[in-house]
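Visitor: Structure for this input, please:
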Amino acid sequence: MTYSTHEQLEQSLLACDACPLCRDAIGPTSYNGSPLSPLTIVGEGPGGVEDEYGVPLVGPSGQLLDKALASVGVTRDRAYTTNVIKCRPKNNRTPTIEEGQFCAAAWLDQELSLVKPKVIIALGSVALKYLMGPTARITKDRGRWFTTKHGIQAIATYHPAYLLRLTGKDLVKAKWEVFYDLRSAIEKCQELAPDYLLKSPEPPDLLALYSQRRQQRQTPKQ
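Guide: Next up, the predicted model:
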């Protein structure tokens, strides 16, 4: 099905039960931020906090992402954040390439068609493989610009969850690499959409913003 508005797409997405992943999740997750933004951030899939709130990257990984974006002058309300996989895999495992292909073909492709971003930041291997190709490797291809099949300029960097697993010199090195990748993305975005403001005076409290959705998702279905 093709959707003419973002609202129609989101309504259908949140009711999706097209694959087995939804059986072990509270339900599909949607997006956060602004569909009007020239900058789209594509993550891998929801974790436990995201499954509770129904939106991507609001748990520990999302909070680290917020800090990284702040270092390059971006607040999440001025970007559009989504995931390749919409339902949390059981035990928070990494989604397979096949799961990513199936879910993204149903939802992410239509999101990008409606949002029409100028720049995409791909976070982690699952997002990179879907947007660049199945042979892509995050260790080899992060920081390199490529054009997605949607005709959108994209760059990949490490997923914040990866940074949370690092320590010492490895963590310092990876944080700097993420900083340079994000800075490159923001410079490209400012070049392609110079009139768009990527930073609000006050960063949003995403957990407070979606607290009502969390309550609704905890209510038993009739």
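Visitor: Would you map the helices across this protein?
Guide: 6-13, 48-53, 60-70, 97-103, 109-115, 124-132, 138-141, 160-164, 168-192, 206-209, 211-218 (DSSP state H).
Visitor: how about the closest residue to residue 103 other than its chain neighbours, what does it touch?
Guide: Nearest residue to residue 103 in three dimensions, chain neighbours excluded: residue 85, at 5.1 Å (CB to CB, 6 or more residues apart in numbering). The way it works is simple: take the backbone N, C-alpha and C, and place the C-beta from them, glycine included. When contacts are counted by CB atoms under 8 Å, 6 or more residues apart in numbering, residue 85 is found next to 21, 44-46, 95, 99-100, 103-104, 126.
Visitor: Highest neighbour count among those residues?
Guide: Highest neighbour count within the contacts of residue 85: residue 46, with 30 neighbours (other CB atoms under 10 Å).
Visitor: For that residue, grab phi and psi.
Guide: phi -70, psi 150 (degrees, to the nearest 10).
Visitor: So which of the helices of the chain is nearest residue 38?
Guide: Smallest distance to residue 38 across these (CB to CB): 5.6 Å, for helix 168-192.
Visitor: Residues in contact with the lowest-mean-pLDDT helix or strand in the chain: which ones?
Guide: In the chain, the helix or strand scored least confidently by mean pLDDT, DSSP states H and E is helix 97-103, which has a mean of 91. Helix 97-103 is contacted from outside by 18-19, 21, 44, 84-87, 89, 95, 126, 129-130, 134, using CB under 8 Å, 6+ apart.
Visitor: one more time with 7 Å
Guide: 19, 21, 84-86, 126, 129-130, 134 (CB atoms under 7 Å, 6 or more residues apart in numbering).
Visitor: List the buried residues in stretch 158-176.
Guide: 158-163, 174-175 (16 or more other CB atoms under 10 Å).
Visitor: related to what we said a few turns ago, out of the helices of the chain, indicate the one that is most buried.
Guide: Ranked by mean neighbour count under mean count of other CB atoms under 10 Å, those are led by helix 124-132, which reaches a mean of 25.
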